[in-house]
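**Q** Sequence first, predicted model second:
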Amino acid sequence: MLHNTLQTNRKLMQILLRLLTLTTIAALLSSCQNVVEACFTINDSDCSHEDACTILFDASCSKNEGEYYWDFGDGTEGTGMEVAHTYTRAGEYEVSLRVDNAINTGVEFEEDILTQTVNVLQGSAQSQETFSHTYINEKSFSQFNSVVQTSDSGYVMVGYFEDNIALHGYMRKVDAAGNTLWDKTFTRGNDDIRLHDIQLTLDGGMIIAGQVNRFRDESEGYLVKTDRNGVIIWEYYTGTRRRTEVSFTKVIEMSTGHYLAVGNYNYQYSNSAIWLMSIGFDGDFRWEQSLDKGDYRLEGYYSVSKTEDGGFMVLSMGDPPGSNNEKLVLTKVNGEGQKEWDLILGEEGKRYLSGDITPTEDGNFLLVGTFRAGSSRNRDIYLAKITPTGGILWEKEMGTPLWDQIFSISQTNNGGFVMAGSTQIEDGSSYPPYYAYLVRLNSEGKEIWSRTYEQFIDSEVSRVSQTKEGGYIMAGRIIIDERHSQRFVMKTNSEGELF
């Protein structure tokens, strides 16, 4: 009898355990089903041609919610699963969504908050800060060659100016409204110093590339690392070589822990080649390399762009022996400075000048140059989209009826591009004036709009890039005469307008 009783109790225990397990599982499932999770998507954040930017926020991907509460980051709030909010100024906004299950009866109250950063690329063009400044140097030459936007939304320009002693490297910092914060001058005795390029570095400072001339036909490459305030951390000189010119026109920070300087090596004005130099983050020399094209003498103002495999692309010009018909030359180089391949671009009967190269959103590269056909004095623009392996996706020519030259191109936040240089708008004299020129392109290289700045007579833009708020910063020079020029900088809104 005792045995039967124990068996009965054991069965009862098993039944109770099964009931408890099922109840626990059901409770857990119910708990999981009631977990509140905030989620939202952002649509229509590109407002390139709108006076105000309206963005749609959709929280339908949230789970087990009942109410939706929005904070749009600009001082306004809203409710609802789908809301449209209009921003009147460009910038970055922290948008928060809070969801809860307060309207669901019979469940424990829960809430969840999700915050995302919304980058309003354009906002109201009329509300964006614009400025232009010309810095007069009454004695002689003065120009800006490069400009970058800093983390505090200011700008730093580099170039050079001349006094009665020599050319001096020059660096100026301005705030977001164009007001001067500080200036730096780079000198070395009576030597001429030209600064050609500046880039921000990951440590918060800046790296600058240029050249130092001691004699007319002798120069050395020059790199200088500064902190965020322009204070020099270290300088590097390549050293002079008899009747040899070395100059660095571009510098980039590589992911492998060094800076890559790209420029020109020219011996006795005849043997011109691409000159590469690797310098460590602490200013120590790593390696140098000279590249040529065999039958083509490489020359020109070089541009460089990093590739995903740790190498880089260099854009230059190639001059076939016995011909004045320069072509564009794109050279792929690995991370150790070894040339992998060359791509020659351009048609016979046209003379090309190298311009600039920039990566594209889809992993390719867009390069720009300028060409002149036959004996015509007019110049037009050449564009080509190139794959990382040197394949040509498309080529096109564009420009105004007269004279155009592009010196700089960069990618914009919405997958398009902006390029700048100079253009002519009249043809009534032997030397018609030319003006600073800005062109906005879509992702396929089609012109969206262009702007000519007639207030800058005989001017050219050396560098252009899009700013954080969607406008454009440009730096360059204004030619006064054969012995005088002025440096200028201007910041436009998203439509290329100055106010």
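**A** Here it is on my side, so go on. It should be emphasised that the depicted structure is a prediction, and the values quoted were computed from it without experimental measurement.

**Q** residue ranges of the strands in the stretch 101-250 of the chain, please?
**A** Using DSSP state E, counting those that start in this stretch, the strands assigned to the stretch 101-250 of the chain run over residues 111-120, 131-135, 142-149, 155-162, 167-174, 180-186, 192-200, 206-215, 218-226, 232-237, 244-254.

**Q** closest to Ile478 out of those?
**A** With CB to CB as the criterion, Ile478 lies closest to strand 131-135 of those, at 6.5 Å. For every residue, glycine as well, the C-beta is placed using N, CA and C.

**Q** send the alpha carbons of that closest one over as CSV?
**A** What follows is strand 131-135, C-alpha atoms only, in CSV (Å, rounded to 0.1, in the frame of the first residue of the first chain):
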residue,chain,number,x,y,z
PHE,A,131,31.4,85.2,-46.3
SER,A,132,34.2,86.2,-48.6
HIS,A,133,37.5,87.9,-47.8
THR,A,134,40.4,89.1,-49.9
TYR,A,135,43.7,89.7,-48.2
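
**Q** can you pull the buried residues of it?
**A** Across strand 131-135, burial judged by 16 or more other CB atoms under 10 Å covers 131-132, 135.

**Q** now stretch 228-240
**A** Those would be 228, 230, 236, 238, 240, for stretch 228-240 by 16+ other CB under 10 Å.

**Q** got the contact list for the first one?
**A** Neighbour list for Arg228: 150-151, 204-206 [criterion: CB atoms under 8 Å, 6 or more residues apart in numbering].

**Q** Run through the stretch 351-499 of the chain and note the low-pLDDT ranges.
**A** 428-430 (pLDDT under 70).

**Q** For it, just list every one of the strands.
**A** Secondary structure of the stretch 351-499 of the chain (DSSP E, counting those that start in this stretch): strands located at 365-373, 380-386, 392-398, 404-411, 417-423, 435-441, 447-457, 459-466, 472-481, 484-492.

**Q** Can I get those strands in JSON lines including mean neighbour count and distance to Glu218?
**A** Below are the strands of the stretch 351-499 of the chain laid out as JSON lines (neighbours: other CB atoms under 10 Å; distance: least, CB to CB, whole Å):
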{"stretch": "strand 365-373", "mean neighbour count": "22", "distance to Glu218": "29"}
{"stretch": "strand 380-386", "mean neighbour count": "22", "distance to Glu218": "34"}
{"stretch": "strand 392-398", "mean neighbour count": "13", "distance to Glu218": "39"}
{"stretch": "strand 404-411", "mean neighbour count": "22", "distance to Glu218": "26"}
{"stretch": "strand 417-423", "mean neighbour count": "25", "distance to Glu218": "30"}
{"stretch": "strand 435-441", "mean neighbour count": "24", "distance to Glu218": "33"}
{"stretch": "strand 447-457", "mean neighbour count": "16", "distance to Glu218": "34"}
{"stretch": "strand 459-466", "mean neighbour count": "24", "distance to Glu218": "25"}
{"stretch": "strand 472-481", "mean neighbour count": "22", "distance to Glu218": "25"}
{"stretch": "strand 484-492", "mean neighbour count": "23", "distance to Glu218": "24"}
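
**Q** and after the helix or strand bottoming out on mean pLDDT in the chain, which helix or strand comes next?
**A** Every helix and strand in the chain was compared by mean pLDDT, DSSP states H and E; the lowest is helix 2-33, with a mean of 52. Next helix or strand after helix 2-33 toward the C-terminus (DSSP states H and E): strand 41-43.

**Q** what packs against that next one?
**A** Helices and strands touching strand 41-43, as assessed by 3 or more CB pairs under 8 Å, 6 or more residues apart in numbering; DSSP states H and E, comprise strand 53-58.

**Q** Just want the angle from whichever helix or strand comes after the strand it packs on to strand 53-58.
**A** Towards the C-terminus, the helix or strand next in line after strand 53-58, according to DSSP H and E, is strand 67-71. Interaxial angle of strand 67-71 relative to strand 53-58 (axes from the mean of the first three to the mean of the last three CA atoms, to 10 degrees): 150 degrees.
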